[in-house]
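Participant: Predicted structure and sequence below. I'll ask about it afterward.
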Amino acid sequence: FDDLLVKILLISALISFALAFFEDGDEADTAFVEPFVIFLILIINAWVGVWQELNAEKALAALKKLQPEEANTIRNGELKQIPAAELVPGDIVQITAGEKIP
């Protein structure tokens with residue numbers, strides 16, 4: 001609920017809910033519909049946000065699995081197998097057919 005539009009909707013729902021208490025006559029029954037609809041929209045918005053965040057985390061985890069963990073590197077004239085995270089500019093990476101590029 002850190003979005004400005006969500007805060008504006010929340011404040012408007014609270015104001016609408018407060019004004020619904022002061023309604024008289026036949027409209028008193030339907031006065032609470034608007035704030036409840038706004039609250040329902042905010043709840044759905046929060047649910048969609050959580051769902052998108054979970055999907056993004058799953059996609060990021062899947063992308064991390066695709067990243068190679070080790071690389072065959074020529075460093076200081078000799079071939080070494082090192083973690084891909086330790087590659088630095090100037091390393092010569094040896095790859096063969098079918099290998100993932102670090």
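Facilitator: Looks like it came in fine. Residues are numbered from 1 along each chain as shown.
Participant: now stretch 34-49, how far from the centre of its chain.
Facilitator: 18 Å (CA atoms, centre = their mean, to the nearest Å).
Participant: From the centre of this protein, give me the residue that's furthest out.
Facilitator: residue 25 (46.1 Å; CA atoms, centre = their mean).
Participant: so what's that residue scoring on pLDDT?
Facilitator: Note for residue 25: predicted pLDDT of 72.
Participant: Which residue ranges of this structure form helices?
Facilitator: Secondary structure of the chain by DSSP state H: the helices cover 4-21, 33-66.
Participant: Would you mind giving those as a markdown table with mean neighbour count added?
Facilitator: Placement of C-beta: from N, CA and C, glycine included. Shown next, in a markdown table, are the helices of the chain (neighbours: other CB atoms under 10 Å):
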| stretch | mean neighbour count |
| --- | --- |
| helix 4-21 | 13 |
| helix 33-66 | 11 |
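Participant: Of these, give the one that comes closest to residue 89.
Facilitator: Nearest of the helices of the chain to residue 89, taken as CB to CB: helix 33-66 at 22.6 Å.
Participant: Check which helices and strands the closest one is in contact with.
Facilitator: helix 4-21 (3 or more CB pairs under 8 Å, 6 or more residues apart in numbering; DSSP states H and E).
Participant: Residues in contact with the helix it packs on: which ones?
Facilitator: 1, 28, 31, 32, 34, 35, 38, 39, 41, 42, 45 (CB atoms under 8 Å, 6 or more residues apart in numbering).
Participant: Where does pLDDT dip in the chain?
Facilitator: Scanning the chain for pLDDT under 70 picks out 1.
Participant: Out of the helices of the chain, flag the one nearest residue 99.
Facilitator: helix 33-66 (12.4 Å).
Participant: what about that closest one, distance to the chain center?
Facilitator: With CA atoms, centre = their mean, you get 8 Å for helix 33-66.
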